[in-house]
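# curious how this folds, go ahead:
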Amino acid sequence: RMNTAEFLTISAAIVPDRVAVVGPNERVTYEELQSRVNRLANALQAIGVQKGQNVGVMAVNGPEFVEIYYASAALGATMVPLNFRAKAEELVYMVDSTDVSTLFIQERYFGIYESVKDQLPKVKNVITMDFEKPGLPAFKSFRDSGEDIPVFTDIDEKDPTIIIFTSGTTSLPKGVVLSYQALTALVVNTQSPADPTGEQEVILVSVPFFHIAGATTIMSAIFSGRRLVILPAFDPEAWLKAVETEGVTHAFVVPTMLK
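Take a look at the predicted model:
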């Protein structure tokens, strides 16, 4: 039984010095990413996050997503990436129906959260991602409060590792549960593990992490020891520039982007 958290553990052991994640303002090696994930997992555990709990994220793409996913998986918790385009009523439904108890949120979505927080009694912890709010822990200091010690949780392969919501075009979005087993099978059967001898492949992601294509990239890129270049959102100019500067070898795009 493989916990998807091991995708990172394995690559961090094989290619520790390679850059794992590139965000708008940072470059993080595999070794550093593992260290950050250890700290975040311990910090989350300290506020009561454990196996079977759900961790929500409402933000545009960024390196934090990768850290939150692997820290949640290490604890046997489930990540719920929320569609940041959701209306207030949809947000309430998504957070409440999945029993999100800990929510990571960016400043641009904090207003919508504030307007509905009284309808979200199950949310016990709110962590701000890119801004300070008195009384709430901020992502970096919260993460760095945890010890850099590996956390490992024995999971059942049928346990959910991530819940992805459908677009909800005709009714409220529906949560699609993806198990550790399903995602391990997807990644292991379609990707090669990290190879310290070859050239590192570079994958560019600009589709939202709340979409299945974005979410699975977090897993396959790390398992393969690739460099994951993250754009907050799709923008043709920024996309082409990233391809040029990072030497991108792989990218996930949808027809609209190509047009």
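
# CA atoms for contacts and neighbours, from now on please.
OK.

# for stretch 222-229, the averaged confidence score.
Per-residue pLDDT over stretch 222-229 has a mean of 97.

# what does it rub up against?
Contact partners of stretch 222-229, identified using C-alpha atoms under 8 Å, 6 or more residues apart in numbering, comprise 7-8, 10-11, 15, 18-23, 187, 191-195, 200-205, 218, 221, 242, 246.

# apply 6 Å and report the result again.
For stretch 222-229, the external contacting residues (C-alpha atoms under 6 Å, 6 or more residues apart in numbering) are 7-8, 11, 19-22, 192-194, 200-204.

# ok, of those residues, which one's closest to Asp235?
Leu204 (12.3 Å; C-alpha to C-alpha).

# my read: the closest one touches Ala251, true?
Yes: judged on C-alpha atoms under 6 Å, Leu204 makes contact with Ala251 at a distance of 4.7 Å.

# neighbour-wise, which of the two wins?
More crowded of Leu204 and Ala251, by other C-alpha atoms under 10 Å: Leu204, with 24 against 16.

# what pairs with whichever strand or helix holds that one, parallel or antiparallel?
Following DSSP states H and E, one finds Leu204 within strand 202-205. Applying DSSP bridges to the sheet, strand 202-205 is found paired with strand 227-230 (parallel), strand 250-251 (parallel).

# measure how far that strand is from the centre of its chain, please.
Offset of strand 202-205 from its chain centre (C-alpha atoms, centre = their mean, to the nearest Å): 15 Å.

# in terms of helices and strands, where is Ala215?
helix 212-223.

# count of neighbours near Ser167?
Neighbour number of Ser167 under other C-alpha under 10 Å is 16.

# Val28 and Val21 touch, don't they?
Yes: the pair Val28 and Val21 passes the contact test of C-alpha under 6 Å, sitting 5.3 Å apart.

# the two - which one has more neighbours?
Between Val28 and Val21, counted using other C-alpha under 10 Å, Val21 has the larger neighbour count: 27 against 19.

# and the gap between the nearest residue to that one once chain neighbours are set aside and Gln50?
Excluding its sequence neighbours, the residue lying closest to Val21 (C-alpha to C-alpha, 6 or more residues apart in numbering) is Leu228, at 4.8 Å. Between Leu228 and Gln50 the distance is 27 Å, computed by C-alpha to C-alpha, to the nearest Å.

# the more surrounded of those two?
Counted by other C-alpha under 10 Å, Leu228 and Gln50 do not tie: Leu228 has more neighbours, with 29 against 20.

# who's the more buried one bridged to?
Those that pair with Leu228 in a beta bridge, by DSSP bridges, are Val21, Ile203.

# which stretches of the stretch 51-200 of the chain form strands?
54-58, 78-81, 100-105, 125-128, 160-165, 175-179 (DSSP state E, counting those that start in this stretch).

# now those in a markdown table, with mean pLDDT and mean neighbour count?
Formatted as a markdown table, the strands of the stretch 51-200 of the chain follow (pLDDT from 0 to 100; neighbours: other C-alpha atoms under 10 Å):
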| stretch | mean pLDDT | mean neighbour count |
| --- | --- | --- |
| strand 54-58 | 97 | 27 |
| strand 78-81 | 97 | 28 |
| strand 100-105 | 98 | 22 |
| strand 125-128 | 98 | 19 |
| strand 160-165 | 94 | 24 |
| strand 175-179 | 93 | 17 |
